[in-house]
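**Student:** sequence and predicted structure are below.
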Protein chains: 2
Amino acid sequence: MDAQDKQVFQVFTEVGIINQLTTAIFAARLPDGLHPSHFSLLNNLVRLGDGKTPLALASAFQVPKTTMTHTLSVLEKRGLIRLAPHETDGRSKLVYLTDSGREVHQNAIHAMEQPIRKMTHDLGAQEIIGLLPMLTTLRAYLDDNRDI
Amino acid sequence: MDAQDKQVFQVFTEVGIINQLTTAIFAARLPDGLHPSHFSLLNNLVRLGDGKTPLALASAFQVPKTTMTHTLSVLEKRGLIRLAPHETDGRSKLVYLTDSGREVHQNAIHAMEQPIRKMTHDLGAQEIIGLLPMLTTLRAYLDDNRDI
DNA sequence: TGCATATTGTTCGATATCGAACTATATAGT
DNA sequence: ACTATATAGTTCGATATCGAACAATATGCA
């Protein structure tokens, strides 16, 4: 591994640390018992629309379907989502947000405003947002090359 | 949450996805049973030196000390690290790499060369490395503001 | 149609992560 | 020195994540 490889590796190390720190910051703002993975799922359903199958969600989040089964069962028990039978495929189900799920999501989003505002105040919004194009490119590339 | 807040939030969403995808890519290259968290610890000891206390390592990785107890016990059982009593503090221990631990780490680093080279070939090394300054700034800021 | 194969989701067992409570040792204040 | 408090690490119970095996349904092809 040469010096350049190590710098690239360092990028992923920093990404990992940032993910851990921001996840911890946001997790502290979530309602009691709501894990970041639960919020992520609610967030996906709100932003990209519900009515997806569990397998489609597992694929979107790059987790095994067994993990999605578990996550969905937690959210269903909490009444934040509803699992309906698939209209045309007897093997499958469809995931829908409940009113309660939308409300919990909205409150969580609102609670995250404060740390985000402090970060942007201290570091500059444009500095942070400036990362977005390359991060998006990198994410899309990795998503298309999972078997790299 | 206004449009700017959402873009900042999107940065952290992308960071999370990139972390998940790269972790999966690297995990696939690790020896059987070696979890990414195990490799991360070996990597830290190699890069920054061993002889640290478990608590110092837990703090460095931002994990509860109970998690570090578990991780260290796994690595010790595999013979990759050695836990020695602290010379001056009877409560504490010191973590040292074994020769086997250094060897496993070296092999893992080497195995990650291939996916890193492919990424840099496809996306351009400078494009990826260009993220490093701001990511480092952001990581240092978050590290200093864990109670944000 | 009938059967082989593929797909969707669940169950089960194993490991990682975490918080609360605990033990042992060190330190500080009197 | 004595005692109260702080610190380092472990144990324990709970949850998240994951892979292997399984059940139910769908699809493709003879």
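**Tutor:** Perfect, I can see it now.
**Student:** mind listing what A:Gln4 touches?
**Tutor:** Contacts for A:Gln4 (C-beta atoms under 8 Å, 6 or more residues apart in numbering or on different chains) come out as B:120, B:125, B:129. Every C-beta, even on glycine, is put in place using the N, C-alpha and C of the backbone.
**Student:** of the residues you listed, which is the nearest to B:Arg47?
**Tutor:** The nearest member of the contacts of A:Gln4 to B:Arg47, counting by C-beta to C-beta, is B:Ile129 at 17.8 Å.
**Student:** excluding chain neighbours, what is closest to that closest one?
**Tutor:** Leaving aside its chain neighbours, B:Ile129 sits nearest to A:Gln7 (4.8 Å; criterion: C-beta to C-beta, 6 or more residues apart in numbering or on different chains).
**Student:** tally of neighbours for that neighbour?
**Tutor:** 16 (other C-beta atoms under 10 Å in any protein chain shown).
**Student:** confirm A:Ala84 sits in a strand?
**Tutor:** Yes: judged by DSSP: H, G, I helix; E, B strand; the rest coil, A:Ala84 forms part of a strand.
**Student:** surely it and A:Thr98 touch.
**Tutor:** No: counting by C-beta atoms under 8 Å, A:Ala84 does not reach A:Thr98; the two are 11.3 Å apart.
**Student:** between these two, which one's more packed in?
**Tutor:** Neighbours of A:Ala84 and A:Thr98, each counted by other C-beta under 10 Å, are more numerous for A:Thr98; the result is 16 against 11.
**Student:** check what pLDDT the residue lying closest to the more buried one once chain neighbours are set aside gets.
**Tutor:** Distances taken as C-beta to C-beta, 6+ apart place A:Arg82 nearest to A:Thr98, at 5.4 Å, with adjacent residues excluded. A:Arg82 is assigned 98 on the pLDDT scale.
**Student:** one more: A:Gly33?
**Tutor:** Listed pLDDT for A:Gly33 reads 89.
**Student:** ok, A:Val8 - contacts?
**Tutor:** A:Val8 sits next to B:116, B:119-120, B:125, B:128-129 when contact means C-beta under 8 Å, 6+ apart.
**Student:** would you mark the buried spots in stretch A:104-123?
**Tutor:** A:104-105, A:108-109, A:112, A:115-117, A:119-120, A:123 (16 or more other C-beta atoms under 10 Å in any protein chain shown).
**Student:** any chance of these in CSV, plus pLDDT and distance to A:Tyr141?
**Tutor:** Formatted as CSV, the buried residues of stretch A:104-123 follow (pLDDT from 0 to 100; distance: C-beta to C-beta, whole Å):
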residue, pLDDT, distance to A:Tyr141
A:Val104, 97, 33
A:His105, 97, 29
A:Ala108, 96, 30
A:Ile109, 95, 28
A:Met112, 94, 27
A:Pro115, 95, 29
A:Ile116, 96, 26
A:Arg117, 96, 31
A:Met119, 96, 26
A:Thr120, 96, 27
A:Leu123, 97, 26
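**Student:** make a markdown table out of those and add distance to B:Glu14 and secondary structure.
**Tutor:** Formatted as a markdown table, the buried residues of stretch A:104-123 follow (distance: C-beta to C-beta, whole Å; DSSP: H, G, I helix; E, B strand; the rest coil):
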| residue | distance to B:Glu14 | secondary structure |
| --- | --- | --- |
| A:Val104 | 24 | helix |
| A:His105 | 19 | helix |
| A:Ala108 | 19 | helix |
| A:Ile109 | 17 | helix |
| A:Met112 | 16 | helix |
| A:Pro115 | 17 | helix |
| A:Ile116 | 15 | helix |
| A:Arg117 | 20 | helix |
| A:Met119 | 15 | helix |
| A:Thr120 | 16 | helix |
| A:Leu123 | 17 | helix |
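**Student:** now the two most distant members of those.
**Tutor:** Applying C-beta to C-beta across the buried residues of stretch A:104-123, the maximum distance is between A:Val104 and A:Leu123, 29.0 Å.
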